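Chemist: Below are the sequence and a predicted model; questions follow.
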Protein chains: 2
Amino acid sequence: MNATCAPADHPIHDHAPLSEATVLRAARMGSAMGEPGRLRLLALLLDGRHCVSELTAETGDSTSLISQRLKVLADSGLLRRAREGKHVYYNLADDHVRELVGNLLSHAADDHP
Amino acid sequence: MNATCAPADHPIHDHAPLSEATVLRAARMGSAMGEPGRLRLLALLLDGRHCVSELTAETGDSTSLISQRLKVLADSGLLRRAREGKHVYYNLADDHVRELVGNLLSHAADDHP
DNA sequence: CTAACATTCGCACGATCGTTAAACTGTTGA
DNA sequence: TCAACAGTTTAACGATCGTGCGAATGTTAG
């Protein structure tokens, strides 16, 4: 019945206006970052844009697999795609994403040194 | 054969020393954040600690389900757990995590306004 | 012991991952 | 123009993993 647990201990933060759609979009991004293979691609892309063949060479995975992973990342809004001749270049969507990925990796890095 | 795609266009960023273990830990966190139910819990916890029964009341989900989700979040390193009498309080692990979750949600919020 | 709060177990269902093979798309040279 | 080719994407399939539910099990206070 009674929902209050702590006597009086409410830090009073204002909720950002958290719509359901926002939660879904954020979860999609989190989920996209939440697989080692895709996260490794994001890490490589912190250095700047790369084309699919570069990424296949750097990771050793098949072109098909890399392409599928890139699609998930792009669909979630983390990557942007640009065709240039025979090659397709992928890049982090913006600096906000760059910061997000950087923070995630750095937090994981100095979590248990 | 030839791996170079762009003539000469290398932004020269220094890689953080990105160990495999770091990638796995980061992916685990991303994956934990990557499900709407769990992300909603993280959002609620931005305001400060909450006990399981509070979260159950605020979300309308079953205690069992909330507890399972909290376990995934805690195991990934995002949450800390503290028992206090009959209640178990959960809180974001640290300010780094608070920033991470905040960034993810805010980026998703103003992505497609 | 009982009641309140929380966690864990077993199971069914759906989602996701990687592989293989086929389909596109754009470039190059006869 | 057309055919051959490199680069990339898509489809189909089996295997694996994750999610949520309900029941059973802990844990703590009175």
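Modeler: Sure thing, it's come through. Residues are numbered from 1 along each chain as shown, chains lettered A, B, ... in the order given.

Chemist: all contacts plus neighbour counts: C-alpha atoms, from now on.
Modeler: Will do.

Chemist: For stretch A:48-59, output the C-alpha coordinates as CSV.
Modeler: Presented in CSV, the C-alpha positions along stretch A:48-59 are these (Å, rounded to 0.1, in the frame of the first residue of the first chain):
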residue,chain,number,x,y,z
GLY,A,48,37.7,9.7,-38.3
ARG,A,49,35.8,8.3,-41.3
HIS,A,50,36.6,4.8,-42.6
CYS,A,51,35.3,2.9,-45.6
VAL,A,52,34.0,-0.6,-45.3
SER,A,53,37.0,-2.2,-46.9
GLU,A,54,39.3,-0.4,-44.4
LEU,A,55,37.2,-1.7,-41.5
THR,A,56,37.2,-5.2,-42.8
ALA,A,57,40.9,-5.1,-43.1
GLU,A,58,41.4,-3.6,-39.6
THR,A,59,39.1,-6.1,-37.9
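
Chemist: mind listing what's buried in that stretch?
Modeler: A:48-56 (16 or more other C-alpha atoms under 10 Å in any protein chain shown).

Chemist: would TSV of those residues with pLDDT, secondary structure and distance to DNA strand C be doable?
Modeler: Below are the buried residues of stretch A:48-59 laid out as TSV (pLDDT from 0 to 100; DSSP: H, G, I helix; E, B strand; the rest coil; distance: C-alpha to the nearest atom of the strand, whole Å):
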residue	pLDDT	secondary structure	distance to DNA strand C
A:Gly48	95	coil	22
A:Arg49	97	coil	18
A:His50	98	strand	17
A:Cys51	98	strand	14
A:Val52	98	helix	13
A:Ser53	98	helix	14
A:Glu54	98	helix	17
A:Leu55	98	helix	14
A:Thr56	98	helix	11
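
Chemist: quick one, helices of chain A?
Modeler: Taking DSSP state H, the helices of chain A run over residues A:20-33, A:36-45, A:52-59, A:63-75, A:95-109.

Chemist: Determine the angle, from 0 to 180 degrees, between the fourth one and helix A:20-33.
Modeler: For the pair helix A:63-75 and helix A:20-33, the angle between their directions (axes from the mean of the first three to the mean of the last three C-alpha atoms, to 10 degrees) equals 150 degrees.

Chemist: Quick one: check helix A:63-75 for contact with chain B.
Modeler: No: using C-alpha under 8 Å from any C-alpha of the partner chain, helix A:63-75 stays clear of chain B, with a minimum separation of 12.8 Å.

Chemist: on contacts alone, who are the packing partners of that helix?
Modeler: Helices and strands touching helix A:63-75, by 3 or more C-alpha pairs under 8 Å, 6 or more residues apart in numbering or on different chains; DSSP states H and E, are helix A:20-33, helix A:36-45, helix A:52-59, strand A:79-84.

Chemist: closest one to chain B among the ones you listed?
Modeler: Taking C-alpha to the nearest C-alpha, helix A:20-33 is the member of the helices and strands packed on helix A:63-75 nearest to chain B, at 3.8 Å.
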